[in-house]
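Novice: Sharing a model prediction with you, sequence too.
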Amino acid sequence: MTKVKRSRLGMPAILYRGSLLLGSMAVFATATLYFAGAFNRDAVTAQKFVDLQQGDTPHAGFRRAHAKGICITGNFESTGALSSYSVAEVFKKGSTPFYGRFSIAGNNPTAPDLKAPVRSLAFAVNSGTVDEWRVAMNTPPVMAVATPEAFFQQLQALSPDPITKQRDPEKITAFFKAHPESKAFNDWKADYVPANSFAAERYHSINAFYLHNELGDKQAVRWVARPHKATSNAAMLDTSSANALQQELASRLDQNAVKFDLIFTLAASNDDENNPTIPWPSDRQTINAGTLSIVSWHNQENAACGDANFDPLVLPQGMSATADPILRARGAAYAQSYRRRAKETLLGAKVSATNGGE
Amino acid sequence: MSANKGYSAGSRLLHWVMALMLISMLFLGLSMVQSLAVWQVEAVTLHKSTGILALILVVLRLINKVCSCTPTLPTELPRLQRFAAHITHFGLYCAMILMPLSGWLMQNADGRVVQFFGLFQLPNLLDADIKYFAFFREMHGIVAWLFLAMIFMHISAALYHGLIKRDGVMSAMLTGKKEL
């Protein structure tokens, strides 16, 4: 190759071209920082949510919320009654194995079972396929608030003071006063009596989802896992044990399967499927989709449920998410909690919680 | 002399389409892992489908790279700059391959199937495993930042050649001619 002669650039041209170069690079760097969130530090992010949930002393290797739980397996016996509303495999008449988890609210994997205000039931079917359905249900039927920002404030108001370790009742009162949409939630809370068993609670989807059938129709639904044995036997519960609910469940499963019906409520046209604070009227049509039959339990540290991320946005073909802002925030928040504990597990930082809870 | 020519039309098309796509994907990725907005769900779906497209395109690009001539760098370029250019290009190709692969594997390790705009699905390469998830999730995050840093260097160097040195390096990819 021959050396090529070029005209020399004059000083003004060098300045002009040089600033064009630097300007372009500044635009790229600024865009990168913008999308990384550097200019919107006040926004409530998945990271801030999980920071708040985990508190000052994160429990390495455990979920940042609902850290304590027990794994279960069983079968979902579908009645087929939902198959005209959804093409999902799981709703065809028949049996589908599932794995799942009962858990209690809170970030402490050794917390006493009976102190937690909220209990949960999660399960997953058809894992690793396009027909997978992950479900995460809680005892309250509705949310107190309708947006992730308000939910963040709610968690802040409910968080104990870092110095006194006590909740501030004034802060809590002020929060609920500022959020009248929390009325249905607080009404539920006032009437709620915790059952003496995981097996006797009702667990709600809280958020609404859409079912899609082969005609392309969509129907907004919520559902509740309704226990077959709604009455719990207090005699079986060892209230002095931190693992009272887990032990009760284990001894119950040693005798019989624990069953829940999955009752779907169909929204009417005037129900707002995007607002999780408003209960739908009780006269709405309900459909029994089938029975969750739980047959075995395992310690969460050596079973599939312990390592699973029950992200309720993993939906099968034939189901989709509504525009409910709380529902849509769950995916990113669950992913952040999952990422943190996965990394801790990989790096061997996970501490066994089995003994601490005994 | 082929060495004096710029990149072929096909190479240039692949380069610019992928540039636009990959930078959008990186920016979308940075924001969607934080955002609690309602569009986050669709963003993740779009990110996965586009990721498959990026994987297909990088395979095409590697084939194209082997089968066609890459214009040589100007001979008067100092050896250190030449070396830096080769290292950055190698790094960019590594990132183009590692990003979609780590994304695919991290999804499988979380038990999830990766779908292409609902048309087809990728085979599962891994069973669900939280440690594999952690490995590929962290890789996806770290390589994303390295990728952005290399793209920054790549654009800087291209503009330096195009605006200051005017040695035909940038026009080889812009117009396909090594005009000065």
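Specialist: Looks like it arrived, so ask away.
Novice: Going by C-alpha atoms from here, please, whenever you check contacts or count neighbours.
Specialist: Will do.
Novice: do you know how far the closest residue to B:Ile151 other than its chain neighbours is from chain A?
Specialist: Closest residue to B:Ile151 apart from its sequence neighbours, by CA to CA, 6 or more residues apart in numbering or on different chains: B:Leu92 at 7.5 Å. Between B:Leu92 and chain A the distance, using CA to the nearest CA, to the nearest Å, works out to 17 Å.
Novice: Give me the buried positions along the helix or strand where B:Leu92 lies.
Specialist: Under the criterion of DSSP states H and E, B:Leu92 resides in helix B:79-109. Burial within helix B:79-109, assessed by neighbour count using 16 or more other CA atoms under 10 Å in any protein chain shown, is assigned to B:85, B:88, B:91-92, B:95-109.
Novice: any idea of the pLDDT on the residue nearest the centre of chain B?
Specialist: By CA atoms, centre = their mean, the mean C-alpha position of chain B lies nearest to B:Met96, the distance being 3.6 Å. The predicted local confidence for B:Met96 comes out at a pLDDT of 98.
Novice: now swap in A:Tyr338 and tell me
Specialist: At A:Tyr338, the model reports a pLDDT of 97.
Novice: give me the number of residues near it?
Specialist: 26 (other CA atoms under 10 Å in any protein chain shown).
Novice: In contact with it, which residues?
Specialist: If a contact means CA atoms under 8 Å, 6 or more residues apart in numbering or on different chains, then A:Tyr338 has A:Arg63, A:Asn309 as its contacts.
Novice: isn't there a helix covering it?
Specialist: Yes - counting by DSSP: H, G, I helix; E, B strand; the rest coil, A:Tyr338 falls inside a helix.
Novice: Around the closest residue to B:Gln121 other than its chain neighbours, count how many other residues there are.
Specialist: Counting by CA to CA, 6+ apart, B:Gln121 lies nearest to B:Gln115, which is 4.2 Å off, once chain neighbours are set aside. The tally of other residues near B:Gln115 (other CA under 10 Å) stands at 20.
Novice: is it true that B:Gln115 touches B:Pro123?
Specialist: No - counting by CA atoms under 8 Å, no contact exists between B:Gln115 and B:Pro123, whose distance comes to 9.4 Å.
Novice: okay, and the common contacts of the two?
Specialist: Shared between the contact lists of B:Gln115 and B:Pro123 (criterion: CA under 8 Å, 6+ apart) there are no residues.
Novice: on contacts alone, who are the packing partners of the helix holding B:Leu92?
Specialist: Secondary-structure packing of helix B:79-109 (3 or more CA pairs under 8 Å, 6 or more residues apart in numbering or on different chains; DSSP states H and E): helix B:40-67, helix B:130-159.
Novice: let's go with 10 Å and repeat that
Specialist: Other elements packing on helix B:79-109 under the criterion 3 or more CA pairs under 10 Å, 6 or more residues apart in numbering or on different chains; DSSP states H and E are helix B:9-32, helix B:40-67, helix B:130-159.
Novice: Between those, which one is closest to A:Arg222.
Specialist: helix B:40-67 (19.2 Å; CA to CA).
Novice: Show me what counts as buried in that closest one.
Specialist: Of the residues in helix B:40-67, those scored as buried under the neighbour-count criterion (16+ other CA under 10 Å) are B:40-41, B:43-52, B:54-55, B:57-58, B:61, B:64.
Novice: Please apply the same query to stretch B:171-178.
Specialist: Taking 16+ other CA under 10 Å as the basis for neighbour counts, the residues of stretch B:171-178 that come out buried are B:Ser171, B:Ala172, B:Met173, B:Leu174, B:Gly176, B:Lys177, B:Lys178.
Novice: would you turn those into JSON lines with pLDDT?
Specialist: Conversion of the buried residues of stretch B:171-178 to JSON lines gives the following (pLDDT from 0 to 100):
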{"residue": "B:Ser171", "pLDDT": "88"}
{"residue": "B:Ala172", "pLDDT": "89"}
{"residue": "B:Met173", "pLDDT": "89"}
{"residue": "B:Leu174", "pLDDT": "88"}
{"residue": "B:Gly176", "pLDDT": "84"}
{"residue": "B:Lys177", "pLDDT": "80"}
{"residue": "B:Lys178", "pLDDT": "72"}
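Novice: Mind checking which of these land in helices?
Specialist: Taking DSSP state H, the ones among the buried residues of stretch B:171-178 that sit in helices are B:Ser171, B:Ala172, B:Met173, B:Leu174.
Novice: Enumerate every residue touching B:Trp39.
Specialist: Contacts of B:Trp39 were listed using CA atoms under 10 Å, 6 or more residues apart in numbering or on different chains, and they are A:Ala323, A:Pro325, A:Arg328, A:Ala329, B:Met32.
Novice: now, among these, which is nearest to A:Asn274?
Specialist: For A:Asn274, the nearest member of the contacts of B:Trp39 is A:Ala323. The distance, counting by CA to CA, is 5.5 Å.
Novice: Specify the local secondary structure of that closest one.
Specialist: Looking at A:Ala323 with three-state DSSP, the answer is coil.
Novice: what's the spacing between the residue nearest to it when sequence neighbours are not counted and A:Val145?
Specialist: In space, and not counting its chain neighbours, A:Ala323 is closest to A:Asn274: 5.5 Å by CA to CA, 6+ apart. Computed as CA to CA, to the nearest Å, the A:Asn274 to A:Val145 distance reads 12 Å.
Novice: How about A:Arg284?
Specialist: If you go by CA to CA, the gap between A:Arg284 and A:Val145 works out to 23 Å.
Novice: quick one, which of the two is more surrounded?
Specialist: Of the pair A:Arg284 and A:Val145, A:Val145 is the one with more neighbours under other CA under 10 Å, namely 25 against 13.
Novice: ok but the more buried one is inside a strand, no?
Specialist: No - assignment of A:Val145 by three-state DSSP gives coil, placing it outside any strand.
Novice: list the contacts for it?
Specialist: For A:Val145, the contacting residues are A:151-154, A:176, A:179-185, A:275-278, A:326, by CA under 10 Å, 6+ apart.
Novice: Quick check: phi and psi on it?
Specialist: Dihedral pair for A:Val145: phi -140, psi 170, per degrees, to the nearest 10.
Novice: what comes into contact with the lowest-mean-pLDDT helix or strand in chain A?
Specialist: Least confident element among the helices and strands of chain A, by mean pLDDT, DSSP states H and E: helix A:304-307 (a mean of 91). By CA under 10 Å, 6+ apart, the surrounding residues in contact with helix A:304-307 are A:61-63, A:67-73, A:99-102, A:122-124, A:298-301, A:338, A:341-342, A:345, B:110, B:128-131.
Novice: just the buried members of those residues?
Specialist: Applying 16+ other CA under 10 Å to the contacts of helix A:304-307 flags A:61-63, A:67-73, A:99-102, A:122-124, A:298-301, A:338, A:341-342, A:345, B:110, B:128-131 as buried.
Novice: related to what we said a few turns ago, output the least confident helix or strand of chain A in CSV with nothing but the alpha carbons.
Specialist: The C-alpha trace of helix A:304-307 is given here as CSV (Å, rounded to 0.1, in the frame of the first residue of the first chain):
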residue,chain,number,x,y,z
ALA,A,304,-36.9,-28.0,44.2
CYS,A,305,-39.1,-25.3,45.8
GLY,A,306,-36.3,-23.8,47.8
ASP,A,307,-34.3,-22.8,44.7
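Novice: I'd like the distance from it to the chain centre, please.
Specialist: The chain centroid and the centroid of helix A:304-307 are separated by 15 Å under CA atoms, centre = their mean, to the nearest Å.
Novice: Same check on stretch A:70-77?
Specialist: If you compare the mean C-alpha spot of stretch A:70-77 with that of the full chain, they lie 18 Å apart, counting by CA atoms, centre = their mean.
Novice: Stretch A:26-43 now?
Specialist: Taking CA atoms, centre = their mean, the mean C-alpha location of stretch A:26-43 is offset from the chain mean by 29 Å.
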